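Participant: need a structure here:
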Amino acid sequence: MCGRFSLSAMPEEVREALGLFELEAFPARYNIAPTQPILVVVQSERREPGSNMPERRAMLVRWGLLPSWVKDPNDFPLLINARAETAIGKASFKAAMRHRRVLVPASGFYEWHRPEKGSDEKSQAYWIRPRSGGVIAFAGLMETWSSPDGSEVDTGAILTVASNRSIARIHDRMPVVIAPEDYGRWLDCRAQEPREVTDLLSAPDDDFFEAVPVSNLVNKVSNTGPAVQAPVAESLPSVDRTDRHTGSGQMSLF
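Facilitator: This next block holds a predicted model:
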């Protein structure tokens, strides 16, 4: 799954990497948590000036998707992730998969290796970042929820898949990363139906990410500075979890 991530790149770097016409300044964020606002990129109906290419724009949504048909959000689970294998058919996600696919810019994400019951291992946090650096884009979904009083809240979730071999030793799920050459396909909800973009919903190559052990500072949402990414000595052996998990262990209702 993906329960924390970071976007510490400069706005200009994000704008260039995602092909945005414009992007307002924003601070570096090292410890983004559920229910907080996250930056997403959508494909606009407008065209870029002097071009026939659809314009991409950035907006903020609450991390935790609320389908439009939900009556009371207090009685609905917080959907920060959606399983890529089943999102097309799930009531909570199928409308967004068809009409509101987005990109979620990130510098990397965090994951925790949780010891199994009876184990003497300790929980270990990891900062998982692309080896080549730079900005990456998670596959995301967006919904606008309307309350009975007429107010609206834009919400979003990140799609996940079974982890590749290098991340599976830490956790059996990881976010979907969309390659830059596929941004247009993923965002084009008018011409590309969900079944036509399912080939994009796979784990990146085993060597795409590197996992850096970090301290438990990242566990607290109030710790928002770069210290949460400071490397520490790894407390775990290099265990291959693929023998113990099959990629179906994400704890969720979907």
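
Participant: how about the helices in this protein?
Facilitator: Assignment of helices within the chain using DSSP state H yields the ranges 11-18, 94-99, 165-168, 183-187.

Participant: starting at the chain centroid, how far to the longest one?
Facilitator: Just to be clear, that refers to helix 11-18. Between the centre of helix 11-18 and the centre of its chain there are 17 Å (C-alpha atoms, centre = their mean, to the nearest Å).

Participant: mind listing what's buried in that helix?
Facilitator: 11, 14, 15, 17, 18 (16 or more other C-beta atoms under 10 Å). In this view, the C-beta of every residue, glycine as well, is placed from N, C-alpha and C.

Participant: where in the stretch 51-200 of the chain is pLDDT low?
Facilitator: For the stretch 51-200 of the chain, residues meeting the criterion pLDDT under 70 lie at 51-53.

Participant: who's the residue nearest the centre of the chain bridged to?
Facilitator: Residue closest to the average C-alpha location in the chain (C-alpha atoms, centre = their mean): residue 158, at 3.8 Å. Note on residue 158: beta-bridge partners by DSSP bridges are residue 81, residue 140.

Participant: work out the gap between stretch 104-124 and the centre of the chain.
Facilitator: 16 Å.

Participant: then stretch 213-227?
Facilitator: With C-alpha atoms, centre = their mean, you get 18 Å for stretch 213-227.

Participant: alpha carbons of stretch 85-103, as CSV, please.
Facilitator: C-alpha atoms of stretch 85-103 as CSV (Å, rounded to 0.1, in the frame of the first residue of the first chain):
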residue,chain,number,x,y,z
GLU,A,85,-6.3,-5.3,-10.2
THR,A,86,-9.9,-4.7,-9.2
ALA,A,87,-10.5,-0.9,-9.5
ILE,A,88,-12.4,-1.1,-12.8
GLY,A,89,-15.2,-3.2,-11.2
LYS,A,90,-15.4,-1.8,-7.7
ALA,A,91,-18.3,0.5,-7.0
SER,A,92,-16.0,3.0,-5.1
PHE,A,93,-13.6,3.4,-8.0
LYS,A,94,-15.2,2.4,-11.4
ALA,A,95,-16.6,5.9,-12.2
ALA,A,96,-13.2,7.5,-11.4
MET,A,97,-11.4,4.9,-13.5
ARG,A,98,-13.6,5.8,-16.4
HIS,A,99,-13.8,9.6,-16.0
ARG,A,100,-11.3,11.0,-13.5
ARG,A,101,-7.8,9.5,-13.7
VAL,A,102,-5.1,11.7,-12.4
LEU,A,103,-1.3,11.8,-11.8
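
Participant: which of the residues in it are buried?
Facilitator: Going by 16+ other C-beta under 10 Å, stretch 85-103 has these buried residues: 87, 88, 90, 92, 93, 94, 96, 97, 100, 101, 102, 103.

Participant: can you check stretch 126-136 too?
Facilitator: For stretch 126-136, the neighbour count (16+ other C-beta under 10 Å) marks 126, 127, 128, 129, 130, 135, 136 as buried.

Participant: what lies in contact with that stretch?
Facilitator: Residues from elsewhere that reach stretch 126-136, judged by C-beta atoms under 8 Å, 6 or more residues apart in numbering: 6-7, 9, 13-14, 17-18, 105-113, 167, 170, 174, 177, 207-214, 218, 228-229, 231.

Participant: show the end-to-end separation of it, please.
Facilitator: 17 Å (C-alpha to C-alpha, to the nearest Å).

Participant: equivalent analysis for stretch 21-30, please.
Facilitator: The straight-line separation of the ends of stretch 21-30 (C-alpha to C-alpha) is 25 Å.

Participant: which positions in it come out as buried?
Facilitator: 23, 29, 30.
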